[in-house]
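**Q** I'd like to go over a predicted model; first the sequence, then the structure.
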2 protein chains.
Amino acid sequence: MTFDPATLTFDQNGLIPCIAQEAETGEVLMLAWMNAEAVARTLETGRVTYWSRSRQAFWIKGESSGHVQTLVELRLDCDRDCLLALVQQTGPACHTNRRSCFYTALRDGQETEIMTPLRDA
Amino acid sequence: MTFDPATLTFDQNGLIPCIAQEAETGEVLMLAWMNAEAVARTLETGRVTYWSRSRQAFWIKGESSGHVQTLVELRLDCDRDCLLALVQQTGPACHTNRRSCFYTALRDGQETEIMTPLRDA
């Protein structure tokens, strides 16, 4: 049976969280949200496509920045209410120009920056 | 300045998603939710503690199953609206007895099980 995005469990806003993980290194890059159509577009195009909650619009990751995410494999969890996208990330995933959005660690009770912005090519 | 969980961005239900990742292997194990108090308890105890949306109660991961998550490091993302917990997972993270909740991959348009349940020790 062909997978149907409508069989996923969406929240009250019709969204499901999607974790993006670099396929090769295992680094967790970011978390963003998809609606059913974004899931379908991601699978169809191989370009990871989110739903921007702030802009209320589809968000083809990297469309303006060039920092695209090429889909390697999409996985779903046991409750069907979270997705894991294994991707090949071009450049930084974060809008701060860092490789990952998770660049702040809590160490000794303090917020500690563990990643610096990438330099432009 | 000591980190204060109240400075995180919580959703309309007072919750923030937390990705659990095995610290040693980089495997993404699960995603669950925390409120500010769960974040504080996780940091204080070193035992990853979520907020169960179904039970509306604190959920010390593994408290009944023994499949605990020992916190290695907690990180937050650029928007302060998602957490990444690096953990040492004892046994399976998933209630289906699989190592990770993300055991279903979409391959050739089909849902494909890529992980089998662990056998009891």
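**A** Received it, and whenever you're ready, just let me know what you need.
**Q** all helices in chain A, in order from the N-terminus.
**A** A:36-45 (DSSP state H).
**Q** and it, which of its residues are near chain B?
**A** A:1-3, A:17, A:19, A:21, A:25-28, A:30-31, A:43, A:73-79, A:82, A:84, A:94-96, A:98, A:101-107, A:109-111, A:114 (C-beta under 8 Å from any C-beta of the partner chain). To be clear about C-beta, it is placed using only N, CA and C from the backbone, and glycine gets the same treatment.
**Q** Looking at those, which are in strands?
**A** A:17, A:19, A:21, A:28, A:30-31, A:73-76, A:84, A:104-107, A:110-111 (DSSP state E).
**Q** and the residue in chain A that chain B sits nearest to, how many neighbours does it have?
**A** In chain A, the residue that lies nearest chain B is residue A:26 (2.8 Å; C-beta to the nearest C-beta). Here the number of neighbours of residue A:26 (other C-beta atoms under 10 Å in any protein chain shown) works out to 14.
**Q** Can you give me every residue that contacts it?
**A** Going by C-beta atoms under 8 Å, 6 or more residues apart in numbering or on different chains, residue A:26 touches B:25, B:26, B:27.
**Q** now that we're looking at it, how far away is residue B:5 from it?
**A** 27 Å (C-beta to C-beta, to the nearest Å).
**Q** now residue A:3
**A** Taking C-beta to C-beta, one finds residue A:3 at 37 Å from residue B:5.
**Q** can you count the residues close to the closest residue to residue A:103 other than its chain neighbours?
**A** Nearest residue to residue A:103 in three dimensions, chain neighbours excluded: residue A:115, at 3.7 Å (C-beta to C-beta, 6 or more residues apart in numbering or on different chains). Burial of residue A:115 is recorded as 17 neighbouring residues (other C-beta under 10 Å).
**Q** so what's residue A:115 up against?
**A** If a contact means C-beta under 8 Å, 6+ apart, then residue A:115 has A:98, A:99, A:100, A:103 as its contacts.
**Q** which among those residues gets closest to residue B:68?
**A** Checking the contacts of residue A:115 against residue B:68 with C-beta to C-beta, the nearest one is residue A:100 at 26.0 Å.
**Q** so that closest one touches residue A:30, yeah?
**A** Yes - with contacts counted by C-beta atoms under 8 Å, residue A:100 reaches residue A:30, the gap being 6.9 Å.
**Q** who's in contact with the closest residue to residue A:99 other than its chain neighbours?
**A** In space, and not counting its chain neighbours, residue A:99 is closest to residue A:92: 5.3 Å by C-beta to C-beta, 6+ apart. Counting by C-beta under 8 Å, 6+ apart, residue A:92 touches A:67, A:98, A:99, A:117, A:118.
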